[in-house]
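# have a look; sequence and predicted model below, questions after that.
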Amino acid sequence: MLELAVLGFLYDAQLHGYDLRRRIAALTGHVRPIADGTLYPLLKRMEAAGLLHRELQPGQVAAPRHMLSLTAAGKQDLLKRLREPDELFVTDENRWFTLLAFLRHLDDPAQQAAVLRRRLRFLTQPASFFWDEGRPLRAADFDDPFRQGLFTIATATTRTELEWLRQTLVALEAQA
């Protein structure tokens, strides 16, 4: 998820590591805060893999800044991740939101629609947080107001997302 966010933000613009960290935190930090000890080693690995380029530029006030940009290989890697996301990027809500933040980088509406259809298929499968002998339990199955709240919130979120997915798929398919 962090790699996808790095690639996505650097696809938009060349960034200093601190700026990149702030943008990632705004996207994912409420769920998973990003520590320097996680981000900077990742950036070094991505640079060694040829996905990022680091350039030393004069600082605005004092010390020079290391600016990061995507290489051609980094751009291709991002586009491949967007076209063919791993299953967890379709099924895990936090990863899905990260993918969704950058899906616009795919220029082909048919490819965008293919990714949205995968999410739609996932969301329309029987699901529950709790099961009883193979039967998914619902909010009405609980007297516990907290579990009822869990189900009520999840159901409302899913309904909203399904509506958005269907509307967006109609628009994308009209463009294809």
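Looks like it came in fine.

# contacts, neighbours, all on C-alpha from now
Noted.

# longest single helix anywhere in this protein?
Determined from DSSP state H, the single longest helix within the chain is helix 145-175.

# need the strands for the protein, in chain order.
For the chain, the strands defined by DSSP state E cover 15-16, 52-57, 65-70, 131-132, 135-136.

# how about those in TSV, adding distance to residue 90?
Listed next are those as TSV, based on distance: least, C-alpha to C-alpha, whole Å:
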stretch	distance to residue 90
strand 15-16	28
strand 52-57	25
strand 65-70	24
strand 131-132	22
strand 135-136	21
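
# low-confidence regions, this structure specifically.
Along the chain, the parts satisfying pLDDT under 70 run over 29-33, 36, 59-60, 62.

# who's in contact with the residue nearest the centre of it?
Nearest to the geometric centre of the chain sits residue 98, at 1.3 Å (C-alpha atoms, centre = their mean). Residues near residue 98 by C-alpha atoms under 8 Å, 6 or more residues apart in numbering: 1, 4-5, 27-28.

# list the buried residues of the longest helix of the chain.
Buried positions in helix 145-175, judged by neighbour count with 16 or more other C-alpha atoms under 10 Å: 147-148, 151, 162, 165, 169, 172.

# for residue 78, state which of the residues you listed is nearest.
Within the buried residues of helix 145-175, distances to residue 78 taken as C-alpha to C-alpha reach their minimum at residue 172, with 20.6 Å.

# quick check: the closest residue to residue 40 other than its chain neighbours vs residue 119, distance?
Sequence neighbours aside, residue 17 is the residue nearest to residue 40 in space, at 7.8 Å (criterion: C-alpha to C-alpha, 6 or more residues apart in numbering). From residue 17 across to residue 119, the span is 32 Å (C-alpha to C-alpha, to the nearest Å).

# do the same with residue 28
In terms of C-alpha to C-alpha, residue 28 sits 19 Å off from residue 119.

# buried ones in stretch 53-65?
By neighbour count with 16+ other C-alpha under 10 Å, stretch 53-65 contains the buried residues 53-54, 65.

# give me the phi and psi for the closest residue to residue 69 other than its chain neighbours.
Residue nearest to residue 69 in three dimensions, not counting chain neighbours: residue 14, with 4.7 Å by C-alpha to C-alpha, 6+ apart. Phi and psi for residue 14, reported as degrees, to the nearest 10, are phi -70, psi 130.

# residue 131 contacts residue 141, doesn't it?
No: in this structure residue 131 lies outside contact range of residue 141 using C-alpha atoms under 8 Å: 10.4 Å.

# how about stretch 134-145: buried residues?
Within stretch 134-145, the residues that qualify as buried are 137-139, counting by 16+ other C-alpha under 10 Å.
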